[in-house]
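Visitor: Fold the following and give me the result.
(one chain, ligands or ions: 1)
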Amino acid sequence: MTDYVPPKVWTWDKENGGQFARINRPVAGATHEKELPVGRHPLQLYSLGTPNGQKVTILLEELLALGHRGAEYDAWLIRINDGDQFGSGFVAVNPNSKIPALLDRSGPKPIRVFESGAILLYLAEKFAALVPNEPAARAECLSWLFWQMGSAPYLGGGFGHFYAYAPLKIEYAIDRYAMEVKRQLDVLDRQLAGNEFVTGSQYTIADIAIWPWYGGLVKGQQYGAAEFLSVQDYRHVQRWADAVGARAAVKRGRIVNRTSGPPSEQLHERHDAADFQARTQDKLEGMARAAV
Ligand SMILES: N[C@@H](CCC(=O)N[C@@H](CS)C(=O)NCC(=O)O)C(=O)O
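Guide: As a prediction, this is how the structure comes out:
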């Protein structure tokens, strides 16, 4: 416990520390003028390979794998630690200044879409893929999609923040969010006990939304918290995480716009399907150089 007593009126303390202190601020809007680049494809994605960013690149790779050529995309890197999300061009696409943000330039007038859940639904509807049409199946899919959108802030903003990023370890906060994250994992584990994918036998945008967060968590890729949360206990989530992670489109999508992890799992920008191949080639040449 601390002896902090909140003042009558909160004021912005720029010195409050923490990993994201440099970019956090209590006001919205652009901080500087900066146009966004535009590539040759119908879809322009401005993002970063965090779990929220991965959702969209995985869906785009799945759509391309299904043969939807209209899903060709340019994925531009938005470095949030450098404040790119506060550039005027980005704010025009997402007034909330968070990745991912999408501009669909396939029609006469560009359409902007922000919020990862909205982008998933927009693209799934646009290509009539990976979201069921039948009312009951569609309701189930949207319920799990929005479950993820509502749950992620507890996992990332709550648990992840206080366990991994906060400048001090606060037992009360870590306990509160660890409890909620374990409850969410149990919700998912029970659902997956009787279902191959989250909503049944069909792989949908619900799986695509949930996998980068909870799949990553149970596979030990989030916050270094696998042991702390006993993630091995969620057997059905583990099985599902492996199955989704083995899909070729997921393997491609999860590395787009990534700037952390092993270099072989980072493709900073994607403008062509051949970029994945080129990255592998670079890696092989790098290994050959290292071996000389
Ligand atoms: N609810 C939003 C959350 C997006 C979000 O939190 N994005 C983070 C990266 S994962 C971000 O851009 N943060 C930059 C900032 O807060 O300034 C969504 O799902 O799209």
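Visitor: What is the subsequent helix or strand relative to the longest helix seen in the chain?
Guide: The longest helix of the chain (DSSP state H) is helix 171-193. Note on helix 171-193: by DSSP states H and E, the next helix or strand toward the C-terminus is helix 205-210.
Visitor: for that following helix, packing partners?
Guide: helix 51-65, helix 116-126, helix 135-153 (3 or more Cβ pairs under 8 Å, 6 or more residues apart in numbering; DSSP states H and E). From N, CA and C alone the C-beta is placed, and that goes for glycine too.
Visitor: Now with 10 Å, please.
Guide: helix 51-65, helix 116-126, helix 135-153, helix 171-193, helix 235-245, helix 248-253 (3 or more Cβ pairs under 10 Å, 6 or more residues apart in numbering; DSSP states H and E).
Visitor: What parts of the chain come near the ligand?
Guide: Counting by Cβ under 6 Å from any ligand atom, the chain comes close to the ligand at 23, 50, 52, 80, 85, 97-100, 115-116.
Visitor: neighbour-wise, which of these leads?
Guide: Most neighbours among the residues of the chain next to the ligand, by other Cβ atoms under 10 Å: Ser116, with 29 neighbours.
Visitor: Enumerate every residue touching that residue.
Guide: The contact partners of Ser116, by Cβ atoms under 10 Å, 6 or more residues apart in numbering, come to 47, 50-56, 59, 98-102, 145, 148-149, 152, 208-209, 212.
Visitor: repeat that with 6 Å
Guide: The contact partners of Ser116, by Cβ atoms under 6 Å, 6 or more residues apart in numbering, come to 52, 55, 100.
Visitor: swap in Gln238?
Guide: Val218.
Visitor: mind checking pLDDT for it?
Guide: At Gln238, the predicted lDDT confidence score is 98.
Visitor: Ala139 too?
Guide: Reported pLDDT for Ala139: 98.
Visitor: low-scoring stretches of the protein, by residue?
Guide: For the chain, residues meeting the criterion pLDDT under 70 lie at 1, 14-17, 280-292.
Visitor: Mind telling me which residue is nearest the centre of it?
Guide: Centroid-nearest residue in the chain, with Cα atoms, centre = their mean: Asn52, separated by 1.7 Å.
Visitor: Roughly how far does that one sit from Glu180?
Guide: Distance, Asn52 to Glu180, by Cβ to Cβ, to the nearest Å: 19 Å.
Visitor: ok, now Arg138?
Guide: To Glu180, Arg138 is 28 Å away according to Cβ to Cβ.
Visitor: cool, and Arg270?
Guide: Arg270 sits 34 Å away from Glu180, going by Cβ to Cβ.
Visitor: between those two, who's got more neighbours?
Guide: More crowded of Arg270 and Glu180, by other Cβ under 10 Å: Arg270, with 27 against 15.
Visitor: isn't that one right next to Val256, touching?
Guide: Yes. Between Arg270 and Val256 there is a contact under Cβ atoms under 6 Å: 4.7 Å.
Visitor: For the two, list the residues in contact with both.
Guide: Overlap of the contact sets of Arg270 and Val256 (by Cβ under 6 Å, 6+ apart) consists of Ala75.
Visitor: doesn't Thr204 make contact with Leu145?
Guide: No. Under the criterion of Cβ under 6 Å, Leu145 makes no contact with Thr204, lying 8.1 Å away.
Visitor: Comparing the two, which residue is more hemmed in?
Guide: Using other Cβ under 10 Å, the more surrounded residue of Leu145 and Thr204 is Leu145, with 27 against 24.
Visitor: Now do the same contact list for the more buried one.
Guide: Contacts of Leu145 by Cβ under 6 Å, 6+ apart are 117, 205-206, 209.
Visitor: Columns neighbour count and distance to Leu63 on top of those, output as JSON lines?
Guide: Shown next, in JSON lines, are the contacts of Leu145 (neighbours: other Cβ atoms under 10 Å; distance: Cβ to Cβ, whole Å):
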{"residue": "Gly117", "neighbour count": "18", "distance to Leu63": "16"}
{"residue": "Ile205", "neighbour count": "29", "distance to Leu63": "10"}
{"residue": "Ala206", "neighbour count": "27", "distance to Leu63": "16"}
{"residue": "Ala209", "neighbour count": "31", "distance to Leu63": "15"}
